[in-house]
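In: here's a sequence, model it:
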Amino acid sequence: MIQKLSADERALQLRQLNGWQSVAERDAIERSLEFADFNEAFGFMSRVAIKAQEMDHHPEWFNVYNKVRITLSTHEVNGVTVRDVELARFIDSIARQA
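Out: Here you go, the predicted model:
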């Protein structure tokens with residue numbers, strides 16, 4: 001069974017991620033990204049969607065034109081887990097390429 005990260009574990013993982021921060025009043029992490037245009041933002045979201053489907057771990061996200069805000073939390077445990085960190089690392093890796 002997947003376990004929620006402790007506050008110390010989550011803080012350590014956040015320091016190793018690019019641009020992620022804790023969500024106020026919720027055990028979740030989020031990152032906002034800005035792209036050149038809608039096409040680039042949508043392409044990025046498509047790549048994340050494919051990885052999320054492979055992981056069976058789906059983000060919450062919001063998109064307007066060239067902006068994407070992603071929130072990660074594992075709903076089964078109502079908090080941040082290693083699955084969220086793994087998906088965040090993937091997102092960081094493809095965000096650098098964009």
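
In: so residue 4 makes contact with residue 76?
Out: No - if you go by C-beta atoms under 8 Å, residue 4 and residue 76 don't touch, sitting 9.4 Å apart. Every residue, glycine included, has its C-beta placed from N, CA and C.

In: residue 63 pairs with what?
Out: residue 68 (DSSP bridges).

In: next: residue 72.
Out: With DSSP bridges as the criterion, residue 72 is bridged to residue 29.

In: that one and residue 35, how far apart?
Out: Residue 72 sits 19 Å away from residue 35, going by C-beta to C-beta, to the nearest Å.

In: can you give me the end-to-end span of stretch 60-77?
Out: This stretch, stretch 60-77, spans 16 Å end to end (C-alpha to C-alpha, to the nearest Å).

In: right, and residue 20 touches residue 33 too?
Out: No - Residue 20 is beyond contact range of residue 33, at 10.9 Å (criterion: C-beta under 8 Å).

In: right, I'll leave it there.
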